[in-house]
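>>> 3D model of this:
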Amino acid sequence: MKDFPDFMKNAKNHIDSSQQNTQDIDGYYFEGKDGTRTIHCFGGKRIVQ
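Below is the predicted model:
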C-alpha cells in the first residue's frame, strides 16, 4: 500500500499543528463505537537502515 485511504485523512479529524510536537507530521484522531481511540500519523522522513 503506497498510502492510506482518504477517509483516514478526513479534515474533521485533523489534529491542529499547535497540538503536535513535530512540524512534518500530520496526525488524525479517531474514536471507535466501542470507545477505542487511535491516532494515525502521516508524513515525516522515512529512515531506512
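>>> So D3 versus R37, what's the distance?
23 Å (C-beta to C-beta, to the nearest Å). From N, CA and C alone the C-beta is placed, and that goes for glycine too.
>>> same check, this time on D6
Note on D6: its distance to R37, by C-beta to C-beta, is 21 Å.
>>> could you give me the average pLDDT of stretch 41-49?
The pLDDT scores in stretch 41-49 average 64.
>>> Next: stretch 16-27.
Stretch 16-27 comes out with an average pLDDT of 82.
>>> Now do it: distance from first to last residue.
Start to finish, the residues bounding stretch 16-27 are 8 Å apart (C-alpha to C-alpha, to the nearest Å).
>>> List of residues touching it?
The contact list for stretch 16-27 (C-beta atoms under 8 Å, 6 or more residues apart in numbering) reads 9, 14-15, 39-45.
>>> do that again at 6 Å, thanks
Contacting residues not belonging to stretch 16-27 are listed as 15, 39, 41-44 [C-beta atoms under 6 Å, 6 or more residues apart in numbering].
>>> Now do the SS call for M8.
The assignment at M8 comes out as helix when based on DSSP: H, G, I helix; E, B strand; the rest coil.
>>> May I have the beta-bridge partners of F42?
When assigned by DSSP bridges, F42 has beta-bridge partners D26.
>>> what's around Y28, how many residues?
Neighbour count for Y28, taken as other C-beta atoms under 10 Å: 19.
>>> Apart from its chain neighbours, what residue comes closest to it?
Nearest residue to Y28, sequence neighbours excluded (C-beta to C-beta, 6 or more residues apart in numbering): N13, at 4.6 Å.
>>> mind listing the strands for the protein?
All strands of the chain, identified by DSSP state E, fall at 25-31, 37-43.
>>> so can I have TSV of those showing distance to Q19?
TSV is the format used below for these (distance: least, C-beta to C-beta, whole Å):
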stretch	distance to Q19
strand 25-31	8
strand 37-43	11
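>>> Deepest in the core, which of these is it.
Highest mean neighbour count of the strands of the chain: strand 25-31, a mean of 15 (counted as mean count of other C-beta atoms under 10 Å).
>>> Next, the angle strand 37-43 makes with that one.
For strand 25-31 against strand 37-43, the angle by axes from the mean of the first three to the mean of the last three C-alpha atoms, to 10 degrees is 160 degrees.
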